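Undergrad: predicted model and sequence follow; I will ask about them next.
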Amino acid sequence: MRKRSKKYRKNAALVDVKKRYDLVSAVGILKKFEGMKFDQTVDVSFALLIDVKKAEQALRGAISLPHGIGKARKVVVFAEGNEAEAAKAAGADEVGSDELAKKVEGGWMDFDVAIAVPNMMKKISRLGKVLGPQGKMPSPKNGTVTENIKDAVREFKAGKIEYRADAGGNVQVAVGKLSFPAEKLKDNVSFIIDHVRAIKPPGVKGNYFRKVVLAGTMTPGIALDVQ
């Protein structure tokens with residue numbers, strides 16, 4: 001069994017593990033936790049009653065939160081010609097075609113988001129085996145395969161985030177930093193909960209949320225009441 005630090009145990013004492021908290025109370029507890037030497041990322045983790053083996057229930061997408069996530073994101077773009085110039089002008093960290101694909105195929109992963117124009121997908125399809133497991137393969141479903149390169153780069157640089165259900169039906173989304181004011185954290189958490197509720201697959205009947213937990217990178221989790 002993993003041995004928890006004294007600080008973690010002290011923070012855990014503030015949480016009733018048998019209780020599901022309303023959002024205001026949960027964020028209040030989160031802000032009371034004794035912090036670390038770095039600004040922790042705050043995540044919301046959803047355990048959903050979905051079957052990802054069914055295509056219509058394999059949730060995936062991208063969303064811009066009201067107050068961003070407090071982190072500059074590295075964006076690379078697979079494009080040529082005018083689209084490449086537009087990507088550079090919009091602030092992409094690296095832009096290229098064959099050479100960039102070879103670099104990634106060789107193991108380079110120093111970026112958060114990969115975007116591609118549609119006509120590049122044939123050239124980079126082979127990257128699925130390296131980018132897929134990282135959740136970084138460009139896809140029309142989350143807006144990373146698009147003709148509108150300029151807007152896509154700006155949105156993802158500004159903090160637009162991607163999400164994807166794993167094999168167990170779990171979705172984890174960053175919603176900001178622990179240093180965010182409580183109101184901004186509440187806004188972001190409420191926004192993503194509403195979004196996930198709105199995309200409930202039609203084939204899922206009855207209860208949809210099995211559990212929803214709010215936590216910092218190194219804090220105990222706080223179960224939320226979202227029903």
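TA: On my side now, so go ahead.

Undergrad: which residues does Pro202 contact?
TA: Glu56 (Cβ atoms under 8 Å, 6 or more residues apart in numbering). Where C-beta positions appear, they are placed from N, C-alpha and C, glycine not excepted.

Undergrad: quick one, helices of the protein?
TA: Applying DSSP state H to the chain gives helices spanning 6-12, 23-32, 81-90, 98-105, 121-124, 128-131, 149-157, 182-198.

Undergrad: give the rounded mean pLDDT of the longest one.
TA: Meaning helix 182-198. Averaged across helix 182-198, the pLDDT comes to 96.

Undergrad: what is it packed up against?
TA: Contacts defined by 3 or more Cβ pairs under 8 Å, 6 or more residues apart in numbering; DSSP states H and E place helix 182-198 against helix 23-32, strand 41-48, strand 60-63, strand 170-177, strand 209-216.

Undergrad: next one: the second one
TA: If you count contacts as 3+ Cβ pairs under 8 Å, 6+ apart, helix 23-32 packs onto helix 182-198, strand 209-216, strand 222-223.

Undergrad: tell me which residues in it are buried?
TA: For helix 23-32, the neighbour count (16 or more other Cβ atoms under 10 Å) marks Leu23, Ala26, Val27, Ile29, Leu30 as buried.

Undergrad: same question, the first one
TA: When neighbours are counted by 16+ other Cβ under 10 Å, the buried residues of helix 6-12 are found to be Tyr8, Asn11.

Undergrad: ok, the fourth one next?
TA: For helix 98-105, a neighbour-count test (16+ other Cβ under 10 Å) marks Leu100, Ala101, Val104 as buried.

Undergrad: the inter-axis angle of it versus helix 81-90?
TA: 60 degrees (axes from the mean of the first three to the mean of the last three Cα atoms, to 10 degrees).

Undergrad: how close does Lys136 get to Val130?
TA: Distance of Lys136 to Val130, computed by Cβ to Cβ, to the nearest Å: 9 Å.
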